[in-house]
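# sequence first, then the predicted structure, then my questions.
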Amino acid sequence: MKSDNILSLVAFNANVQLAHWQADTKFNIHFALGKLYESMIDLTDDLAETTLGKNGNRIFPVHQIVLTPNTDLSGLMELGLSILEDIRSELKVGNDDDLLNIVADMSAIINKTKYLLEL
């Protein structure tokens, strides 16, 4: 898997955290984004470490993370799913089932958050 995709997930997670901080705490949005952020951080770590264990490459090129504060939450969720689709397209069933399972868990939490946010 390309390290750019892992770094794209890091950027996505940073944007989710910014949206979480900006969300009104009186509503479910703050809570749902917080749960998404916490889950995605752990899953991104699992994905990165599993990938590194498989390919032995620990080098990440310099990559500028794009932060988009005040972003549309629907667009943010779609961005996350798009990144996961890019990752999924690089993986092979049978050979990368461990990584595909992590990506499936990520997709599930993003889709659950879309439901909770009523997007």
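Sure, I can see it.

# so which bits of stretch 43-54 are buried?
Applying a neighbour-count criterion of 16 or more other Cβ atoms under 10 Å, the buried positions in stretch 43-54 are 43, 44, 46, 47, 48, 50, 51, 52. Bear in mind the C-beta positions are built from the backbone N, C-alpha and C, glycine included.

# so of those, which ones are in helices?
43, 44, 46, 47, 48, 50, 51, 52 (DSSP state H).

# which residue packs closest to the fourth one, ignoring adjacent ones?
It stands for residue 47. residue 102 (4.7 Å; Cβ to Cβ, 6 or more residues apart in numbering).

# give me the number of residues near the one you found?
23 (other Cβ atoms under 10 Å).

# what does the pLDDT read for it?
You'll see residue 102 listed with a pLDDT of 98.

# ok, residue 53 next?
At residue 53, pLDDT is 90.

# distance check, it against residue 20.
In this view, residue 53 and residue 20 are 30 Å apart by Cβ to Cβ, to the nearest Å.

# right, and the residue nearest to residue 47 touches residue 48 too?
No - applying Cβ atoms under 8 Å, one finds residue 102 not in contact with residue 48, separated by 9.6 Å.

# coming back round to it: ok, which pair from the ones in helices among the buried residues of stretch 43-54 is furthest apart?
43 and 52 (14.8 Å; Cβ to Cβ).

# circling back to that earlier point, secondary structure element holding the residue nearest to residue 47?
helix 97-116 (DSSP states H and E).

# can you name every helix or strand that that helix contacts?
Under the contact criterion of 3 or more Cβ pairs under 8 Å, 6 or more residues apart in numbering; DSSP states H and E, helix 97-116 touches helix 28-55, helix 73-90.
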